[in-house]
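S.K.: Got a sequence here, can you build the structure:
(2 chains)
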2 protein chains.
Amino acid sequence: MKPVTVTVGLGERAYDILIGPGLIARAGELVAERLPGVRAAVVTDANVAGIHLEPLRKALAGAGIESVPIVMPAGEKTKSFEHFHEVVDGVLGARLERRDVVVALGGGVIGDLTGFAAGVARRGMPFVQVPTSLLAQVDSSVGGKTGINSRHGKNLVGVFNQPKLVLADTDVLDTLPPREFRAGYAEVAKYGLIDRPDFFAWLEANWRDVFAGGPARVEAIAESCRAKAEVVARDEFETGDRALLNLGHTFGHALEGATAYDGARLVHGEGVAIGMALAHRFSARMNLASPDDARRVEAHLTAVGLPTRVADIPGEVPGADRLFEFITQDKKVSRGTLTFILTHGIGQAFIARDVPASEVRSFLAEQAGP
Amino acid sequence: MKPVTVTVGLGERAYDILIGPGLIARAGELVAERLPGVRAAVVTDANVAGIHLEPLRKALAGAGIESVPIVMPAGEKTKSFEHFHEVVDGVLGARLERRDVVVALGGGVIGDLTGFAAGVARRGMPFVQVPTSLLAQVDSSVGGKTGINSRHGKNLVGVFNQPKLVLADTDVLDTLPPREFRAGYAEVAKYGLIDRPDFFAWLEANWRDVFAGGPARVEAIAESCRAKAEVVARDEFETGDRALLNLGHTFGHALEGATAYDGARLVHGEGVAIGMALAHRFSARMNLASPDDARRVEAHLTAVGLPTRVADIPGEVPGADRLFEFITQDKKVSRGTLTFILTHGIGQAFIARDVPASEVRSFLAEQAGP
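M.R.: Numbering: from 1, shown residues only, chains lettered A, B, ... in the order given. Here you go, the predicted structure:
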């Protein structure tokens, strides 16, 4: 099967996302035709390394690309200053030149960390994303946002750094735990909900095929990448429209914070799923959208096995007051109003700049208790 | 006296360098008219803080700009991962928004460190340079190269990040030790030697006025900034012509390395002075330029009190073999040749891409002993 190509149209910084099976095995030729004569550092985590590192290095070597592996611990904690320092030192210690390439092989954590390190080593080296989770393939590997967490919050330190190439090998998703695949799927559904009602309807009809693998999965990933690429091309540095991609994320981040980022209870995609359901319910409550749309969103997310309510999170979850604190930790409350991504219906999300804080609080009290 | 304005023509990223006396006292209005409604973090070092921090913060406050000071230790060691982490955390901890401003108040170390931190905090915040050394005013604060040192070498980690404004207050130079002023002057002379023969001749005639202060000093700084701005506008990311700015720097860095960056023996500008003299002597030896030009360069640098020979460095300096190692640590020797900035005469520097390594070695043996 020939891979699907989605081009991110950013002028001088334009690049291709290739989506399809068997791409890791072809990584050497695909990198070499775009970046001839380079050496490489491959940054990955200990889990991914066990499965995909040697196949990738072998593929690179087959095209004459010598590579140095840099293996980080798995997990969100790796998005730290310390590991950032370690990766940068690893790249410099490999004596790569400014024109050589840094390859990120892994999920969102490795992609974000590596993209940042590549953006600052020798004041910027080319980098290639080889995302190995569904979430990374449809979201974090596309669009150039890279970074790490700080003690003041998540993703607060980083650069905008577009890769030269993204290789989304759909075969690697077969080794994902089902829960992780589902969590990534929340972001796929998000693109339908933002501005692609037909895609959302297609997902409602075909999600089983997407989960099963094969052409429907490739198509779902490709359409997600097209959707993200369009937004990114319009607003690379997030001064406007790109904020639409945060649909479900304000509520989602608050829930992740309220559960102390304990992945056993709630992973990012699950937070986003509940957050999207909340955003649709809140939009209905504000008379911006029909309650039928909120019910349809909830029905689809539930069908695929994603949570949609605060009560779906196992264990105690703080009430409205604390959740509201988490929301305002991220956002400025100016004159008693907040900016949220709300919707007029499925595929009609918009940036609402004057959402009364009081409405958010009473909605949260209904949804999560006081 | 009205400040001189030099604009760095980089399209969307264009900015002004203002050069003249009394600019720190006017910093509030000058920042506010370009960045209305911001809050600020002011990054500086302990030495500079004692003299200029409160006047600057008072000036900012006078225009309604609230500021948070972040004070680093003075010295080159501050260009480290640890202090970078500290500055980034300080900026985030001050709860600045993405549109707020980070101000670098200090010499090259503070400017490089702060520009890098501002480039990554919240994935990039506006920053303003208030350079307080001659070197920073004519070189490091202009052009957007920012960064820190790594254990693998100097300036290997950073970003290209253009400031929104540079305020070169020429009054602050009155408090510089004469040796530091002279060292900065080496970079002023460099612009004449690269492609401004008339400026070099003007410096030969007027250097005493430049050292004394007043309009000649302002003019020398402004002309230096114009020269650098032109090169940067042609080649922002150093893929070509910008390398000309390294005239004298390959030999200079090797000498700095060979003296273990001991500022008591050799500071950067002194290394550059010797390096420029060596580059001219080497060009004459290669029959690229007249020996008269090398003598003229040496005469001028000597007149202002700068060193021009390896033997001018106090204490033992390693011989040609070790110096050559320092040169090749920075540069790739491909097929027995090296890239150097050489010259056809005063104001006629060029990028020489095929300099035989053997010629460099025998020249070094003549200049420094075996």
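
S.K.: Stretch A:57-67 and chain B, any residue contact?
M.R.: No: contact check for stretch A:57-67 against chain B, using Cβ under 8 Å from any Cβ of the partner chain: none in range, with a minimum separation of 15.2 Å. Where C-beta positions appear, they are placed from N, C-alpha and C, glycine not excepted.

S.K.: average pLDDT for that stretch?
M.R.: Averaged across stretch A:57-67, pLDDT comes to 98.

S.K.: Pull the residues that contact that stretch.
M.R.: With contact meaning Cβ atoms under 8 Å, 6 or more residues apart in numbering or on different chains, stretch A:57-67 is reached by A:24-29, A:31-32, A:38-42, A:69, A:101, A:103.

S.K.: ok, so of these, who is nearest chain B?
M.R.: Nearest to chain B, judged by Cβ to the nearest Cβ, of those is residue A:39 at 11.8 Å.

S.K.: Drop anything exposed from the contacts of stretch A:57-67.
M.R.: Among these, those classed as buried by 16 or more other Cβ atoms under 10 Å in any protein chain shown are A:24, A:26-28, A:31-32, A:38-42, A:69, A:101, A:103.

S.K.: what ranges do the helices span in the stretch 251-370 of chain A?
M.R.: Using DSSP state H, counting those that start in this stretch, the helices assigned to the stretch 251-370 of chain A run over residues A:268-285, A:291-304, A:320-330, A:357-368.

S.K.: most tightly surrounded among the ones you listed?
M.R.: Of all the helices of the stretch 251-370 of chain A, helix A:268-285 has the most neighbours on average by mean count of other Cβ atoms under 10 Å in any protein chain shown, namely a mean of 26.

S.K.: just to revisit the earlier point, which among the helices of the stretch 251-370 of chain A is found nearest to residue B:95?
M.R.: helix A:320-330 (10.2 Å; Cβ to Cβ).

S.K.: Show me what from the stretch 151-300 of chain A comes close to chain B.
M.R.: A:151-153, A:156-160, A:237.

S.K.: Report the residue ranges of every domain in chain A.
M.R.: According to automatic domain parsing, chain A comprises the domains A:4-175, A:191-368.

S.K.: Let's have those domains in JSON lines, adding distance to residue B:232.
M.R.: Converted to JSON lines, the domains of chain A look like this (distance: least, Cβ to Cβ, whole Å):
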{"stretch": "domain A:4-175", "distance to residue B:232": "14"}
{"stretch": "domain A:191-368", "distance to residue B:232": "21"}
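
S.K.: what's the closest of those domains to residue B:51?
M.R.: domain A:4-175 (30.6 Å).

S.K.: First-to-last residue distance for the closest one?
M.R.: In domain A:4-175, first residue to last residue: 21 Å (Cα to Cα, to the nearest Å).

S.K.: quick one: that domain to chain centroid distance?
M.R.: 14 Å (Cα atoms, centre = their mean, to the nearest Å).

S.K.: before we move on, back to that, inside helices: which ones of the contacts of stretch A:57-67?
M.R.: Counting by DSSP state H, the members of the contacts of stretch A:57-67 that fall within helices are A:27-29, A:31-32.

S.K.: Would you reformat those as a markdown table and include pLDDT and distance to residue B:368?
M.R.: Listed next are the ones in helices among the contacts of stretch A:57-67 as a markdown table, based on pLDDT from 0 to 100; distance: Cβ to Cβ, whole Å:
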| residue | pLDDT | distance to residue B:368 |
| --- | --- | --- |
| A:27 | 98 | 47 |
| A:28 | 98 | 45 |
| A:29 | 97 | 48 |
| A:31 | 98 | 43 |
| A:32 | 97 | 43 |
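
S.K.: Including distance to residue B:131, could those residues go into a markdown table?
M.R.: Conversion of the ones in helices among the contacts of stretch A:57-67 to a markdown table gives the following (distance: Cβ to Cβ, whole Å):
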| residue | distance to residue B:131 |
| --- | --- |
| A:27 | 45 |
| A:28 | 47 |
| A:29 | 48 |
| A:31 | 41 |
| A:32 | 44 |
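
S.K.: The residue nearest to residue A:303 when sequence neighbours are not counted: what's it in contact with?
M.R.: Leaving aside its chain neighbours, residue A:303 sits nearest to residue A:207 (7.0 Å; criterion: Cβ to Cβ, 6 or more residues apart in numbering or on different chains). Residues near residue A:207 by Cβ under 8 Å, 6+ apart: A:185, A:300, A:303-304.

S.K.: Secondary structure element for residue A:207, which one?
M.R.: Residue A:207 is part of helix A:197-212, with elements assigned from DSSP states H and E.

S.K.: Can you dump the C-alpha atoms of that helix in PDB for me?
M.R.: What follows is helix A:197-212, C-alpha atoms only, in PDB (Å, rounded to 0.1, in the frame of the first residue of the first chain):
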ATOM      1  CA  PRO A 197     -18.900  17.500  10.300                       C
ATOM      2  CA  ASP A 198     -18.700  15.000   7.400                       C
ATOM      3  CA  PHE A 199     -15.600  13.400   8.900                       C
ATOM      4  CA  PHE A 200     -17.300  13.100  12.300                       C
ATOM      5  CA  ALA A 201     -20.300  11.400  10.600                       C
ATOM      6  CA  TRP A 202     -17.800   9.100   8.800                       C
ATOM      7  CA  LEU A 203     -16.200   8.200  12.100                       C
ATOM      8  CA  GLU A 204     -19.600   7.400  13.600                       C
ATOM      9  CA  ALA A 205     -20.100   4.900  10.800                       C
ATOM     10  CA  ASN A 206     -16.600   3.600  10.400                       C
ATOM     11  CA  TRP A 207     -14.900   3.800  13.800                       C
ATOM     12  CA  ARG A 208     -14.700   0.000  14.100                       C
ATOM     13  CA  ASP A 209     -12.700  -0.200  10.900                       C
ATOM     14  CA  VAL A 210     -10.400   2.600  12.200                       C
ATOM     15  CA  PHE A 211      -9.800   0.600  15.400                       C
ATOM     16  CA  ALA A 212      -9.300  -2.700  13.400                       C
END
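
S.K.: buried residues in it?
M.R.: Within helix A:197-212, the residues scored as buried using 16+ other Cβ under 10 Å are A:199-200, A:202-204, A:207, A:210-211.

S.K.: Residue A:245 versus the residue nearest to residue A:303, what's the distance?
M.R.: Per Cβ to Cβ, to the nearest Å, residue A:207 is found 21 Å from residue A:245.

S.K.: Name the spans of chain A whose pLDDT lies under the cut-off.
M.R.: Within chain A, the ranges that satisfy pLDDT under 70 run A:330-334.

S.K.: What's the biggest helix in it, counting residues?
M.R.: helix A:215-234.

S.K.: contacting residues around it?
M.R.: A:1, A:4, A:6-10, A:17, A:19-21, A:134, A:137-139, A:142-144, A:166, A:168, A:170, A:173, A:187-188, A:191, A:194-196, A:199, A:203, A:206, A:209-211, A:240-242, A:244-245.

S.K.: what's the answer for stretch A:269-276, then?
M.R.: Residues outside stretch A:269-276 that contact it (Cβ under 8 Å, 6+ apart): A:135, A:180, A:182-187, A:189-190, A:193, A:247-253, A:255-256, A:297, A:301, A:306-310, A:312-313.

S.K.: Figure out how far that stretch is from the centre of its chain.
M.R.: 12 Å.

S.K.: now do stretch A:188-201
M.R.: 16 Å.

S.K.: What residue, apart from its backbone neighbours, is nearest the residue of the stretch 1-150 of chain A found nearest chain B spatially?
M.R.: Closest contact between the stretch 1-150 of chain A and chain B, by Cβ to the nearest Cβ, is at residue A:92 (4.1 Å). Nearest residue to residue A:92, sequence neighbours excluded (Cβ to Cβ, 6+ apart): residue B:152, at 4.1 Å.
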